[in-house]
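no sequence for this one, just the structure:
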């Protein structure tokens, strides 16, 4: 994956020390021990390496390259790592000649030192050489938002006068609504009573109208 040469760190991280630092749960420790072959900090994007001033929320973006034994790196594991580490992280998951980029949108928790992961985004698996992240923005808040949109692709489209948080919250609401519609459609197909089908179809129409208004 291509990133500016002056952001390269290329530091192998001790897996046991990293798991302890991230305060991983027993299940996540087991997953990481079994599925992760090597963990490397590949790049760091910050004011001193990219000459773009830090943002209000983002002061550093770390790129973790993770060599996998299988194509498994769960959302739970991403969530636990991102909750514990006060940096924004881009994960480059690699398995054989394929790769997947992963990133989360998170916020500082009000009552603890942890972060609250709001949403995780992943690219499709494809050839490692095909990936290129464009670093663009006046500060690191904007740079990270742009990186997140590149990884999320069509799942996050910031509209005029909307913040990244508002956009992501809206996308989450849309996903939930689509899931409800799908569940209701399945329920209608299985419902043997005609009168009950009519009631369910009215409910479905209400949800579909709501989706169109988003």
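That came through fine. Owing to the predicted nature of the structure, the values given are computational and were not obtained by experimental measurement. Residues are numbered from 1 along each chain as shown.

how far does stretch 132-144 sit from the chain's center?
From the chain centre to the centre of stretch 132-144 is a distance of 16 Å (Cα atoms, centre = their mean, to the nearest Å).

now what about that stretch, what contacts it?
For stretch 132-144, the external contacting residues (Cβ atoms under 8 Å, 6 or more residues apart in numbering) are 1-4, 45-47, 50, 52-61, 88, 90, 101, 145-147, 150-151. Where you see a C-beta, it was placed from the backbone N, CA and C, and this is true even at glycine.

helices - which of those residues land there?
Within the contacts of stretch 132-144, membership in helices is found for 47, 50, 145-147, 150-151, as judged by DSSP state H.

so where do the helices sit in the chain?
With DSSP H as the criterion, the chain has helices at 15-21, 26-35, 47-50, 75-84, 140-152, 164-190, 194-213.

make TSV from these and add mean pLDDT and distance to residue 128 to it.
Converted to TSV, those look like this (pLDDT from 0 to 100; distance: least, Cβ to Cβ, whole Å):
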stretch	mean pLDDT	distance to residue 128
helix 15-21	93	21
helix 26-35	95	18
helix 47-50	92	22
helix 75-84	95	19
helix 140-152	92	15
helix 164-190	89	27
helix 194-213	89	36
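
okay, those in TSV with distance to residue 126 next?
TSV is the format used below for those (distance: least, Cβ to Cβ, whole Å):
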stretch	distance to residue 126
helix 15-21	26
helix 26-35	20
helix 47-50	26
helix 75-84	19
helix 140-152	12
helix 164-190	22
helix 194-213	30
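
pick the most buried one from these.
helix 140-152 (a mean of 21; mean count of other Cβ atoms under 10 Å).

next one: that helix to chain centre, how far?
The mean C-alpha position of helix 140-152 is separated from the chain mean by 11 Å, Cα atoms, centre = their mean.

next, the angle helix 164-190 makes with it.
Interaxial angle, helix 140-152 versus helix 164-190 (axes from the mean of the first three to the mean of the last three Cα atoms, to 10 degrees): 20 degrees.

against residue 192, how distant is the closest residue to residue 121 other than its chain neighbours?
Sequence neighbours aside, residue 152 is the residue nearest to residue 121 in space, at 4.0 Å (criterion: Cβ to Cβ, 6 or more residues apart in numbering). Distance from residue 152 to residue 192, counting by Cβ to Cβ, to the nearest Å: 41 Å.

and for residue 84?
According to Cβ to Cβ, residue 84 and residue 192 sit 51 Å apart.

repeat that for residue 210.
Here the criterion is Cβ to Cβ. By it, residue 210 lies 27 Å from residue 192.

could you do residue 59 as well?
From residue 59 to residue 192 the distance is 59 Å (Cβ to Cβ).

got it, and residue 33?
50 Å.

give me the neighbour count for residue 130.
10 (other Cβ atoms under 10 Å).

what residues are up against it?
Counting by Cβ under 8 Å, 6+ apart, residue 130 has no contacts.

any idea of the pLDDT on it?
For residue 130, the pLDDT comes out at 88.

many thanks, we can stop here.
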